[in-house]
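> Below is the sequence, then the predicted model.
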Amino acid sequence: MLFLLFLLLIGNGAHGLQASAGHLARPGNNETAVKAGDEAAETIARAVVLYREFRSREALTEFKKALALAPGHPEALIWAARAHVDVGDFIPETVTGWRKKRVEQYRAAERYAREAARIQPDSTWPHFFLAVALGKLAEFSGTKKQIALARGVRNAVDKALARDPDNGFAYHVLGVLHRRLAEINAAERLLALVFLQRSVPGGRLDESARLLKKALQYHPDIITHHLELAKTYRSLGRTDLAREHLLTVDRLPARFSDDGIHKRNARKMLEDIARNGDGCHESC
């Protein structure tokens, strides 16, 4: 009895997260500490440029250099968490031990996100990226662990939204989670209750659509918002609305490193709809 609670698409994480010297939390008041803080800010700025050039692994190295200069810097911690997820996502399945290598990256992302949340608990982004990291780990976990991780994701997303109700990406995560949970059938839920003594959290497709539409209100040009809403509409039997958003995905320019993958998935889903109509096959 295996099911994936959801697949988070981190390539579109904290688009609004900016790294600049003005945001740097100074490690101290003495001249050495200020100099280290300035160097860390410059390092973060360089890393962000690399990240936006889709060079996540190189960016991660620079974010870690910034943390060596300014330990516990929350912005560097958040960016490091995000970069670790990206690095994990792009480990090819053809690489020996690719599952283990991805899990190592996602666990590192979780550690950085938790540390950022400890240091900066009132910020939305540490909790958001903790949700992302936990969701990625769920892909490679057994059923019992997936159930626990689902609750952890929901808790982290709720905290992210409590700190910033305008975090559109958090609504995206919550919308995808609702769909994944709604797609778990009654037999699987019963088996989880009987054999694992764990109840599976509930989810609703209509709520998934509402949350993903809310995410689009904040970021109408984010490809994965449209793609995930299309998947939810197809699950609801609204193939017409699904096609609209899939065609939008095809028109939108790529902004993130994994948008090319999402565009290919959207085209496959369009082809699948053309062949099978409302039936949901491997593209969903």
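Alright, I've got the coordinates. Numbers count the residues shown, from 1 in each chain.
> where does Arg102 sit relative to Ala274, distance-wise?
As defined by Cβ to Cβ, to the nearest Å, Arg102 lies at a distance of 33 Å from Ala274. For every residue, glycine as well, the C-beta is placed using N, CA and C.
> Comparing these two, which residue is more hemmed in?
Using other Cβ atoms under 10 Å as the criterion, Arg102 and Ala274 rank with Arg102 on top: 22 against 10.
> Please identify which helix or strand holds that one.
helix 98-119 (DSSP states H and E).
> Which secondary structure elements does that helix sit against?
helix 74-89, helix 124-138 (3 or more Cβ pairs under 8 Å, 6 or more residues apart in numbering; DSSP states H and E).
> for the shortest one, what is the average pLDDT?
When pLDDT is averaged along helix 124-138, the result is 94.
> export it as PDB, just CAs?
In PDB, the C-alpha atoms belonging to helix 124-138 read as follows (Å, rounded to 0.1, in the frame of the first residue of the first chain):
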ATOM      1  CA  THR A 124       7.100  33.000   6.600                       C
ATOM      2  CA  TRP A 125       9.900  31.600   4.400                       C
ATOM      3  CA  PRO A 126      11.600  29.200   6.900                       C
ATOM      4  CA  HIS A 127       8.300  27.500   7.500                       C
ATOM      5  CA  PHE A 128       7.500  27.400   3.800                       C
ATOM      6  CA  PHE A 129      10.800  25.800   2.900                       C
ATOM      7  CA  LEU A 130      10.400  23.300   5.800                       C
ATOM      8  CA  ALA A 131       7.100  22.300   4.200                       C
ATOM      9  CA  VAL A 132       8.800  21.900   0.900                       C
ATOM     10  CA  ALA A 133      11.600  19.800   2.300                       C
ATOM     11  CA  LEU A 134       9.200  17.500   4.200                       C
ATOM     12  CA  GLY A 135       7.100  17.100   1.100                       C
ATOM     13  CA  LYS A 136      10.100  16.000  -0.900                       C
ATOM     14  CA  LEU A 137      11.100  13.500   1.800                       C
ATOM     15  CA  ALA A 138       7.600  12.100   1.600                       C
END
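> residues touching Ala242, list them.
Contacts of Ala242 were listed using Cβ atoms under 8 Å, 6 or more residues apart in numbering, and they are Ala230, Lys231, Tyr233, Arg234, Met269, Ile273.
> Equivalent analysis for Glu39, please.
Leu69.
> Now do the same contact list for the closest residue to Glu62 other than its chain neighbours.
Nearest residue to Glu62, sequence neighbours excluded (Cβ to Cβ, 6 or more residues apart in numbering): Ala47, at 3.5 Å. Taking Cβ under 8 Å, 6+ apart as the criterion, Ala47 is in contact with Ala19, Ala59, Leu60, Glu62, Phe63, Lys65, Ala66, Trp79, Ala83.
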